[in-house]
Structures are given as structure tokens and as C-alpha cells.
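**Student:** What follows is a predicted protein model with its sequence.
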Amino acid sequence: MTDTVPAVDASKPVVARFCPSPTGNPHVGMARTALFSWAFARHHGGKFVFRIEDTDASRDNQESYDLLVDVMRWLGLDWDEGVEVGGDHGPYRQSERMDVYADVAQRLLDAGLAYKAYDTADELEERREAARAEGRPSGYDGLHRDLTPEQQAAYEAEGRKPVIRFKMPAKDWTFDDLVRGPITFGADNVQDFVIVRANGQPLYTLTNPTDDALMGITHVLRGEDILSSTPRQIALYEAFAQIGVGDGSTPRFGHLPYVMGQGNRKLSKRDPESNLLGYREQGFLPEGLLNYLALLGWSLPAVDGVERDVFGLAELVEAFEVSRVNPNPARFDLAKCEAINGDHIRLLPVEEVAERLLPYFQTAELIGTPADDAQVALLAAAAPLVHERIAKLTEAVDMLRFLFVDDDDFTIDEADAAKNLDEKGQGTARAARDALAELETWDTASIEAALRASLVDGLGLKPRLAFGPVRVAVTGSRISPPLFESLELLGRSRTLARLSAVL
């Protein structure tokens, strides 16, 4: 898009925020929003606020809250102010700010900017149906906007509990979206809305802008699914300026494109590829996942006409301009996500790869907790064998399992055994065992020389046919890390025992 107004006021520090609700598992759309907000704040040298919107007691829970904090730390999206770290505008959980919202709601009532409405659900629906039948907007019709004290008392005498509605000024609403450019909502499409339920519980429509105003938020990046709520929030900011809530300014809004899943439909929390925790469990690196999420609607500027898909967080921060966010829906491509993650694995020093692999081997119970020094050393020695071959850390668990599993628990894939360890394959395994048993030095070069001399030169086999039976007999699969290096790490006695076991 082309900015009609600069995205940032140079005279005012940038303050961006991320404010999820603790309901269910964190999802990739949430992480993409957090990433863009974080990168925007960091790019402009501003502040990033992480708060929790947990006013819905029926859906919010502590487990989801803990997961949100854990995932943000795993992703490496640090925050300057918010839950766990504190700040000047706390508390940062909405459930701990109810007195703040009650005060703001009362001030809006006292200033005549909000009112109590006593409509029942049946009355509202009846009037909405009539409006739809007549082709009129079906939002609230303002019937209780100007009730007299006597009318209010009469409704309360009936036992009715009022909601609090905000009075929307009768005007069109235009704002310059950071992603989509100028957007206008007609007055007829933005009616008076509820800010406090009849039970006294404040709604998102009040709590979210109240927190933004009191925390000095200057920029709001969020999903386009709540674009329609923006005029209401802008109207509230104007009302806040009248009653002294915040500094009287209105944040700039940018609405991020949908993330689409399979079948070209919006990716939902329930879709398997949406589960953020699943990516951590599968062995995605946080930097690899974030790199891919950044590409869902944004791209690194080309250098000398060359575009680059693989980059780190520092490069993202340096290059991030919200004007480069594409407003069109972005499609989540799992294959590309895995490929980029594999690129990030290969960018790591092999020593760090081994460190990151350790928790996955412990989860698979191949290495104990705490880890045995010898097992850690074996993993460090084996990591170079898979460093260039895996796209996810969990793939290394399957590829290197044969090194760590007890011999009593070692198994061979039945399909691979059928293809490679028939009568001819067993003959090859016997020749390999005999040749390896003669070795005085057990290292990669000696192992390779002995097997080539025995199987390729001696039996006249092509390498693929020569080494396949050995690979399956020793590693349990026809797919494994490089054979000769694997045998060196497995050791003489275990290698010979496995070859003997298939004969």
C-alpha cells in the first residue's frame, strides 16, 4: 500500500502490543501477529507490551496463560512491559483490572457518552427482524438512548438488569489503515454497542481500548477479522479524550491478512497445522518457524534483484516496514515451512544442533534425565551425521535411534528386512561380518575399506546392493545416516552382534 500518513510520528516513541486471550492452545496466526507487532516495535526502537485479556472466566484458564508465556519465551519475542516482567501500567492481566474498567464505564455514563439499556433479548431480536424485513441496518436502534430516570426506575422495578451501551456519534468513520490504506465505515453500519454486560462484566469492546489508552499504545497490528470493530474503538478513544483516560491520542491501526489453510479457507485454531505447540513438539526451531511466519504477508526487500526467503530475527527487525505487508490472504504451506526450518538447522553450528536435539532424545527415552555423559558425548558425535539431512529435530531421533536403543530392544523394519535380508542379503551380511571381524582398527576409513574390499571387490556387488543389507541389519532401516560413520559410532561388538543376529 501507499501511506497517506507516515506510519510513525517521529516526535512520539512507538509502543506496540500483543494481547491474546488464554483460551486453548496458542496458534500460528497468533504467533504471526505477535511477531509483526514485536518486529514493528523493535524496528522503530520502541516498546513492546505483552498483556493478557482474560475477562471471560468461562473460557480462560491458567494452563492456557502459562502456555502463552512459555511459547512467547520459546519464540524469543521478548517484551519490555507486561506479564511476568511488570512495568508502569500494570497489572497486565485484565482479570486484575476490573476496578479500572468499572471506573471508566462510570465516567462514560456520567459524561453522557454511554447509557443504560434495559432491552430483553426477545425485544432486541424482534426489532432486529423487523429492521431486516424493512431493509434497514439490524444493529441496535437506540431505543433506550434517552430514557428518563422514571423510565429507568420502572424497568428496574420489573427486575431488569441493564447493559451499558456506548453512544456512537452519528457520523462516518474514516481511518488510514497501516496495511490497507484509507477505510471508511458509514454511520448506519456502526450502531451503539454494549461495553458492560448486565452482570457487570466488561466486554472486549471496553477493556481493549481502555488498556491501550492507559498503556500509551501508539500502534495496533491485529487480524483483519476484527477490522469492523475499529470504528467503535476510535469513537471510544475520542470519548476517552473528553473524560481524561489516557493522553487523548488514538493509536494507528494495521489489519493483517488472513492465514489460509488447506482448501483455501481461513486457518482456524482447530486445524492441525495451526497448533503452535505441535511445531515445537515436532522439532521446529523457533527461528525457523518465525522466519516462515514472517513470509505470510511480508517479505525481505530484494538485494540487487535477488529475493531471500531465509533470514534471522535481526534481519527481520532491521528490514521490517509495515507498508510492505500485503493485505491479501497468505497461504500456509507446510512443506515450505519445513524446508525453511531445515535451512535454519543447517545454519546452526553442529555443537548447538546436538544441544537442541538432547530434549527430544530424552522425550523419546533414548537418553536419560539427567543425561548420562557418555550418551551426551555419543549424541555430539552423531549430530554431524544428520546435520545436513533433517528438516525437523525429531527426524534425528528416528535416524539415530539405532545408536541409543538397548540391543534387547533393537528391531528391524519388517518391510526393509524382506527386501534386503533375503537369502542373498544374508550372504552379504555374513561376508560383511567376517570382513569387519578381522579389523584391527575400528574407524570410518578402515570400515569402509574392509566392506568395499569384501562386498564390492570380493563379491562383485554394486555399492547399493552391497551396503543395503548391512545398513538394514545394523541400523534397522534402509534409511540411515552415512553407513561407515554409523558403524564406527555403534562400535565393533554391537555391529558384529547385529550382523550375526540376522544370520
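**Tutor:** That came through fine.
**Student:** Mind giving me the packing neighbours of the helix or strand of the chain with the lowest mean pLDDT?
**Tutor:** Counting by mean pLDDT, DSSP states H and E, the chain has its least confident helix or strand at strand 259-260, which shows a mean of 90. Contacts defined by 3 or more CB pairs under 8 Å, 6 or more residues apart in numbering; DSSP states H and E place strand 259-260 against helix 28-43, strand 330-331. All C-beta spots, glycine's among them, are computed from the backbone N, C-alpha and C.
**Student:** What strands line up against the shortest one, and which way round?
**Tutor:** Take DSSP bridges as the rule and strand 330-331 pairs in its sheet with strand 259-260 (parallel).
**Student:** Distance from the chain centre to the strand it pairs with, please.
**Tutor:** Per CA atoms, centre = their mean, to the nearest Å, the displacement of strand 259-260 from the mean C-alpha position of its chain is 13 Å.
**Student:** So what touches that strand?
**Tutor:** Contact with strand 259-260 is made by 28-29, 32, 266-267, 296, 329-332, as judged by CB atoms under 8 Å, 6 or more residues apart in numbering.
**Student:** try it again with 10 Å
**Tutor:** Under the contact criterion CB atoms under 10 Å, 6 or more residues apart in numbering, strand 259-260 has outside partners 27-29, 32-33, 223, 266-268, 271, 273-274, 293, 296-297, 328-333.
**Student:** next one: stretch 142-151
**Tutor:** With CB under 10 Å, 6+ apart, stretch 142-151 has contacts from 115-119, 123-124, 127, 152-155, 162-163, 165, 167-168, 170, 191-192.
**Student:** quick one, domains of the protein?
**Tutor:** 97-256, 349-399, 406-501 (automatic domain parsing).
**Student:** possible to save these as TSV with mean neighbour count, distance to L316 and mean pLDDT?
**Tutor:** Converted to TSV, the domains of the chain look like this (neighbours: other CB atoms under 10 Å; distance: least, CB to CB, whole Å; pLDDT from 0 to 100):
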stretch	mean neighbour count	distance to L316	mean pLDDT
domain 97-256	17	14	96
domain 349-399	17	20	96
domain 406-501	17	33	94
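**Student:** right, and those domains - which one's nearest G90?
**Tutor:** With CB to CB as the criterion, G90 lies closest to domain 97-256 of the domains of the chain, at 8.7 Å.
**Student:** Need the distance between the two termini of the closest one.
**Tutor:** Using CA to CA, to the nearest Å, the gap from the first to the last residue of domain 97-256 comes to 28 Å.
**Student:** Which one of the domains of the chain lies nearest to F320?
**Tutor:** domain 97-256 (10.8 Å).
**Student:** returning to that earlier point: buried subset of the contacts of strand 259-260, written for PyMOL?
**Tutor:** Buried members of the contacts of strand 259-260, defined by 16 or more other CB atoms under 10 Å, are picked up in PyMOL with:
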select buried, resi 27+28+29+32+33+223+267+271+273+274+293+296+297+329+330+332+333
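**Student:** State whether A31 and V71 are indeed in contact, as I suppose.
**Tutor:** Yes. Contact criterion CB atoms under 10 Å: A31 and V71 qualify, at 7.4 Å.
**Student:** overlap in contacts of the two?
**Tutor:** 20, 77, 276, 279, 286.
**Student:** Could you report the neighbour count for the closest residue to the last one other than its chain neighbours?
**Tutor:** When the adjacent residues along the chain are set aside, P286 lies closest to L75, with 4.8 Å between them (CB to CB, 6 or more residues apart in numbering). Using other CB atoms under 10 Å, L75 has 21 neighbouring residues.
**Student:** what residues are up against I412?
**Tutor:** Contact analysis of I412 by CB under 10 Å, 6+ apart lists 402, 418, 420-421, 472-477, 498, 501-502.
**Student:** follow-up on the earlier one: I'd like the domains of the chain laid out as a markdown table, including distance to V317.
**Tutor:** Compiled in a markdown table, the domains of the chain are given as follows (distance: least, CB to CB, whole Å):
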| stretch | distance to V317 |
| --- | --- |
| domain 97-256 | 14 |
| domain 349-399 | 21 |
| domain 406-501 | 36 |
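**Student:** just to revisit the earlier point, distance check, the residue nearest to P286 against P231.
**Tutor:** 32 Å (CB to CB, to the nearest Å).
**Student:** G223 too?
**Tutor:** Distance of G223 to P231, given as CB to CB: 17 Å.
**Student:** Now do the helices for the stretch 401-503 of the chain: every range, in order, please.
**Tutor:** 414-420, 423-437, 444-451, 463-475, 483-490, 492-501 (DSSP state H, counting those that start in this stretch).
**Student:** name the helices or strands packed onto the fourth one?
**Tutor:** Same thing as helix 463-475. helix 393-404, helix 414-420, helix 423-437, helix 444-451, helix 483-490, helix 492-501 (3 or more CB pairs under 10 Å, 6 or more residues apart in numbering; DSSP states H and E).
**Student:** where along the chain do the strands fall?
**Tutor:** Remark: strands assigned in the chain by DSSP state E are 15-18, 47-50, 81-82, 114-117, 163-166, 173-177, 181-185, 193-196, 219-223, 252-256, 259-260, 330-331.
**Student:** ok, V397 to G139 distance?
**Tutor:** Distance from V397 to G139, by CB to CB: 55 Å.
**Student:** tally of neighbours for the residue lying closest to Q62 once chain neighbours are set aside?
**Tutor:** Distances taken as CB to CB, 6+ apart put P22 closest to Q62, at 7.6 Å, once the chain neighbours are dropped. Other residues near P22 number 22, with proximity taken as other CB under 10 Å.
**Student:** Could you report the distance from P22 to Y101?
**Tutor:** P22 sits 18 Å away from Y101, taking CB to CB as the criterion.
**Student:** Please apply the same query to W442.
**Tutor:** Using CB to CB, W442 is found at 72 Å from Y101.
**Student:** Check E123 too.
**Tutor:** With CB to CB as the criterion, E123 and Y101 are 26 Å apart.
**Student:** For R59, list the residues it contacts.
**Tutor:** R59 neighbours (CB under 10 Å, 6+ apart): 21-24.
**Student:** Drop anything exposed from these.
**Tutor:** Among those, those classed as buried by 16+ other CB under 10 Å are 21-23.
**Student:** and of the residues you listed, the nearest to A450?
**Tutor:** For the buried ones among the contacts of R59, the closest approach to A450 (CB to CB) belongs to P22, at 60.2 Å.
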